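Chemist: Predicted model, plus sequence, below.
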Amino acid sequence: MTAGRCDEMKIFLAFVTFIIVAANLFAADTNQPALYLDTNQPVDARVADLISRLTLEEKATLLNHIGPTVERFNIRADQWNQCLNGVQWDRPTTLFPICLAMSATWDTNLVRETASTLSDEARAIYNIWHLDPNAPGQHKGLIYRDPVINIERNPYWGRNLESWGEDPYLTGRMAVNYVHGLQGDDPHYLKIAATLKHFAVNNVETDRQRLSATVPERILHEYWFPHWRDAVVEGQAQSVMASYNAINGTPNNINHWLLTDVLKGDWGFQGFVVSDLGGVHTMVQGHEKNKMSYEDAVAQSLMAGCDFSDKEFQDNIPAAVRDGKLSEARLDDAVTRLLRTRFRLGEFDPFDSVPYSKISPDVINSAEHRALALKVAQESIVLLKNENHFLPLDKNKIKTIAVLGPLADRLLLNNYNGKAPECVTVLQGIKDYVGPNTKVLYGVGGVVLNEPIDKTEELQKAIGLARQADVAIVCVGTTSAIEQEGKDRKTLALTGSQEALVEAVRAANPKTIVVEMSAGPLTVPWIAKNVPAILQAWWPGEEGGHALADVLFGDVNPAGRLPHTVYASETQVPPVSDYDVTHGFTYMYLNGAPLFPFGHGLSYTTFKYSDLKLSTKKISTDGAVQIQFDVKNTGSRAGDEVPQLYVHQEKSNVRVPREELRGFERIHLEPGETKTVAFTLPATKLALWDEATHGFIVQPGKFDIFVGASSADIRLKNKISVLP
């Protein structure tokens, strides 16, 4: 659009806005000024003024996310969207690595920058529509249903790719920074509104609309809730989505204790709760013990604390109020919560008064955003094994490379990314890196599931290519056919003929590297024992191929860390119907040794930890201790290290984690450089939930302080005492 055309459009829109405002004022109340349009008024006063003008039916319409426009005030439906690792649109947007890969960076600042980039693109799309309502293509609103912060307790969960790992502390830090990045830092306006989902105790896809998770009270508060509280209280997320499942028999959509007592009461949540799609329907057709009429399901959902939903809200709210099943005060509270967010998004203000209206469509999948996608992919790659310093490869000594496997030249997408831009596969990334003087051989070699290829012929071809090459790189893992919404994994092992491919290639060429391209963990003990080098590269986004090549050849020193445990055997995993993590889930309670531990990740250089100092050895139950230590790069390459702080309570009347993450920081060190790392550990982070008093209590006693490079690589230790 030309500058002249933009000016004409702005003048036209301003005139239309004036006419609509004048009409609304006349229609609503000619004797009362429209305070809701006065930008000098406080948001809550503006919201209250608008609500006072709405009819019961109009309020009901506003609480339907796909409802029609409220014509008297020209308020359109919410028009929510998704932007998990790429904004959904009908044209390409920047495709970042999946959220689990973002978490593997252990870099909170990078996660915040990534989320800010996503919200820039989301605002730019909205700005296109606002400046030209007739512009072609799909343009949605500003409430985004991200991030997913369900915890990765269940390694079989089909949506682990959307999560941030198995640890509440790590997930909480990532969630806070992702939400801050999405919503922006303007004191008055939101860039977009974030929705935390799915609240709570949700990480099984099978039968998710009717299952009930049985969870002890202590485990709920110590494991399943802390990251939610962080994202609500510290992150100030605007919306929370209630999950389909029930907790201890009560469906979350009608769980007053969960949505009102805990979320809105204990945590002071000021935003709005939205049901998952069809959430009301599950009260009628899903949960067997709670089948009810739609009117009752709507009334009970709202009275429990669910503020926003589907068409059932619009259709049944008026009758529920008239029949005395839903109070008008609770209805107005729900509308207030929704409208407060929409006012802060600037929907009722002049377009140019909102600072984010200046974000240009030119940012969408721009060169700068593509460069950030590359950086995230580089930082996310985890070096799992590097026997005898096999990596990095020397480009000058390698004349022929065999790039093999069903994922070597495949783009890996999930449900909630946008339309893919031009993406770089592993094969293309390696070709781009080595240039024309190095021969790159390619073969599929096997299948992930049941792809229609001749597996025997492809395997023999791969073996032949491996024999010709100086080094073989085998790309295996999972696809959206195995890991995605609606599907739980059947196995943690490689599917199809992938492991047979690795074994055959390793036999043909001992110089074999395995690149794991999965979301959830892969239990592959034979590969871990017999292959000299293994990299976890996740589903790496549009620049994944270039990022992997940079790591393979040493231009980037890998420093990703696992955000989950890789189990050594599937027999280590308790039944997924058991929600008590103390029975063997995660690094905190794992029975036996893992294949690869939580927090694990190797480097091409070495680091020495030393000089652990505590500000005090004794603290009160409301005190804190400052912990500091030095980390030195003792190798010949620059690199990043991720020091991790863990704690352990020596004696307790309940089972406690063998160690629990309570701090981390990604730092960069040049060869020979030393940095001092400091963490503050408040006594409140040592508290356990007491079921007698229904609150957290810090038990006096001794606590171990562990500092290390992973949960299984502890370098420094000390103790503190908490005094009565």
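Modeler: That came through, no problem.
Chemist: Look at residue 593 and report its pLDDT.
Modeler: pLDDT, the model's per-residue confidence, is 98 for residue 593.
Chemist: Can I take it that it is in a helix?
Modeler: No - counting by DSSP: H, G, I helix; E, B strand; the rest coil, residue 593 falls outside a helix, being coil.
Chemist: give the contact list for it.
Modeler: Residue 593 sits next to residue 568 when contact means CB atoms under 8 Å, 6 or more residues apart in numbering. Just so you know, the C-beta spots here come from the backbone N, C-alpha and C atoms, and that holds for glycine as well.
Chemist: any idea how far residue 600 is from it?
Modeler: Note on residue 593: its distance to residue 600, by CB to CB, to the nearest Å, is 12 Å.
Chemist: same thing with residue 129?
Modeler: Residue 129 is 45 Å from residue 600, by CB to CB.
Chemist: the more surrounded of those two?
Modeler: Legend: neighbour count by other CB atoms under 10 Å for residue 129 and residue 600, higher for residue 600 (24 against 16).
Chemist: The more buried one and residue 713 touch, don't they?
Modeler: Yes - the criterion here is CB atoms under 8 Å, and residue 600 meets it with residue 713 at 7.3 Å.
Chemist: Report the next helix or strand after the helix or strand containing residue 314 in sequence order.
Modeler: Taking DSSP states H and E as the criterion, residue 314 maps to helix 311-322. Counting by DSSP H and E, the element after helix 311-322 in chain order, helix or strand, is helix 328-344.
Chemist: Return the angle between stretch directions for that next one and helix 311-322.
Modeler: Counting by axes from the mean of the first three to the mean of the last three CA atoms, to 10 degrees, helix 328-344 lies at 140 degrees to helix 311-322.
Chemist: Please name every helix or strand in contact with the helix or strand just after helix 328-344.
Modeler: Moving toward the C-terminus from helix 328-344, the next helix or strand (DSSP H and E) is helix 367-380. Packed against helix 367-380 by the contact rule (3 or more CB pairs under 8 Å, 6 or more residues apart in numbering; DSSP states H and E) you find helix 99-104, helix 108-131, helix 544-552.
Chemist: for the record, mean pLDDT for whatever helix or strand comes next after the last one?
Modeler: Reading on from helix 544-552 to the C-terminus, the next helix or strand found by DSSP H and E is helix 586-589. When pLDDT is averaged over helix 586-589, the result is 98.
Chemist: Give the buried residues for helix 586-589.
Modeler: Neighbour-count burial for helix 586-589 flags 586-589 (criterion: 16 or more other CB atoms under 10 Å).
Chemist: Pull out the buried positions in the helix or strand encompassing residue 458.
Modeler: Secondary structure from DSSP H and E places residue 458 in helix 455-468. Along helix 455-468, these residues count as buried under the neighbour rule (16+ other CB under 10 Å): 455, 458-459, 461-463, 465-466.
Chemist: Please name every helix or strand in contact with that helix.
Modeler: Packed next to helix 455-468, using 3+ CB pairs under 8 Å, 6+ apart, are strand 400-404, strand 439-443, helix 498-508.
Chemist: Next, the angle from the longest one to strand 439-443.
Modeler: Put plainly, it is helix 498-508. Using the same axes, to 10 degrees: helix 498-508 against strand 439-443 is 140 degrees.
Chemist: same check, this time on the first one
Modeler: With the same axes, to 10 degrees as the criterion, the two stretches strand 400-404 and strand 439-443 enclose an angle of 20 degrees.
Chemist: Partner strands of strand 400-404 and their direction?
Modeler: strand 439-443 (parallel), strand 471-477 (parallel) (DSSP bridges).
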